[in-house]
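# Task: produce atomic coordinates for the following.
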Amino acid sequence: MTIDSTIEKDKLAIVGGGKIGEALLSGLLRTPAGGQPRYRPEDVVVVEHYPDRRSYLSERYGVEIGDVARAAGAGTIVIAVKPQDIDTVLAELAPLATADHLVVSVAAGITTNQLERGLPGGPAVVRCMPNTPALVDQAMTAISAGAHADESHLQRAQELLEAVGRVVRVPESQLDAVTALSGSGPAYFFFLVEAMIDAGILLGLPRTLAAELIVQTAVGAAVMLRDTGEHPVQLREAVTSPGGTTISAIRELEIHGVRAALIAAIEAARDRSVELGRASNPSG
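Numbers count the residues shown, from 1 in each chain. Okay, the predicted model is just below:
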């Protein structure tokens, strides 16, 4: 396989057209209110293994479907494959990636050091940890720079990920903690909502009504946390009247160790993230 040796810096390649890859693609092509889309379909190439998925992405978004060699013609390459597929992608990309490329990886657990070792041509690498609310443009993503990435590379990566939510910059040493907190975080909220819906059913409410009540309550509480800037303790205390229903519920949560269990769960997620990183990088 050969490509034109000229790298088109304004073009984007997404290697991996799964859920996160598609979410990013959709966000980048969408026209925001009063603005311009970050990319036009003709400026994007997507690399996807499965034929049905290739056809779907081409028809829905009007983008070019190509291989890794074609992707290397773009100045920015997003790697959005599963961790178990990273070695195959790096092997194909290694002879093509140069110092003129920016490689943005959303592959979970794959360090910048691994990516840089697999791409000896010296591209700038930025590692990102998004979460699944990227599918509804409400992601929380943390990004970290590799050895060759400077401020301009971080800014380009940040602009890409802002298409599907908010972005913060962190040292790579903190990404295992980020993975445990926000990467896995949606699952904790879903678990809590599931339990609260079950409680509503136990109290005699129909499932659909219980779900509607709890989901909107969760949305409203999240918006209050985001928009008021108040500490969660302040917001909780505003709902907690002396001798009332809420303090009775809080007492039971504390008796059953819910706070301690949640902290322990997030620590366990952090530890597992460290283990997975070591398993995928035995020499690192």
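
# for this protein, which spans come out with low pLDDT?
Counting by pLDDT under 70, the chain contains low-confidence ranges at 1-5, 33-34, 280-284.

# in it, which spans are helices?
Using DSSP state H, the helices assigned to the chain run over residues 19-29, 51-61, 68-71, 86-93, 112-118, 151-161, 175-178, 185-202, 207-228, 232-239, 245-255, 258-280.

# can I get those helices in a markdown table with mean neighbour count and distance to V78?
Backbone N, C-alpha and C define where each C-beta goes, glycine included. Listed next are those as a markdown table, based on neighbours: other Cβ atoms under 10 Å; distance: least, Cβ to Cβ, whole Å:
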| stretch | mean neighbour count | distance to V78 |
| --- | --- | --- |
| helix 19-29 | 22 | 7 |
| helix 51-61 | 14 | 14 |
| helix 68-71 | 20 | 9 |
| helix 86-93 | 18 | 11 |
| helix 112-118 | 19 | 12 |
| helix 151-161 | 18 | 7 |
| helix 175-178 | 21 | 17 |
| helix 185-202 | 14 | 21 |
| helix 207-228 | 13 | 27 |
| helix 232-239 | 12 | 34 |
| helix 245-255 | 11 | 41 |
| helix 258-280 | 14 | 19 |
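
# could I get these as JSON lines with distance to A145?
As requested, the helices of the chain are exported to JSON lines (distance: least, Cβ to Cβ, whole Å):
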{"stretch": "helix 19-29", "distance to A145": "19"}
{"stretch": "helix 51-61", "distance to A145": "29"}
{"stretch": "helix 68-71", "distance to A145": "22"}
{"stretch": "helix 86-93", "distance to A145": "19"}
{"stretch": "helix 112-118", "distance to A145": "7"}
{"stretch": "helix 151-161", "distance to A145": "5"}
{"stretch": "helix 175-178", "distance to A145": "12"}
{"stretch": "helix 185-202", "distance to A145": "23"}
{"stretch": "helix 207-228", "distance to A145": "27"}
{"stretch": "helix 232-239", "distance to A145": "31"}
{"stretch": "helix 245-255", "distance to A145": "40"}
{"stretch": "helix 258-280", "distance to A145": "17"}
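
# Now do the contacts for I143.
Contact partners of I143, counting by Cβ atoms under 8 Å, 6 or more residues apart in numbering, are 126-129, 154, 157-158, 161, 167-170.

# tell me how far the ends of stretch 196-211 are from each other?
Start and end residues of stretch 196-211 are separated by 8 Å (Cα to Cα, to the nearest Å).

# What distance do you get for R117 to A91?
Counting by Cβ to Cβ, to the nearest Å, the gap between R117 and A91 amounts to 12 Å.

# And for E64?
To A91, E64 is 22 Å away according to Cβ to Cβ.

# just G66 next, same as before
Here G66 is placed at a distance of 17 Å from A91 (Cβ to Cβ).

# likewise G200?
As defined by Cβ to Cβ, G200 lies at a distance of 52 Å from A91.

# returning to that earlier point: most widely separated two among the contacts of I143?
Looking at these by Cβ to Cβ, the two members farthest from one another are M129 and L154, with 14.3 Å of separation.
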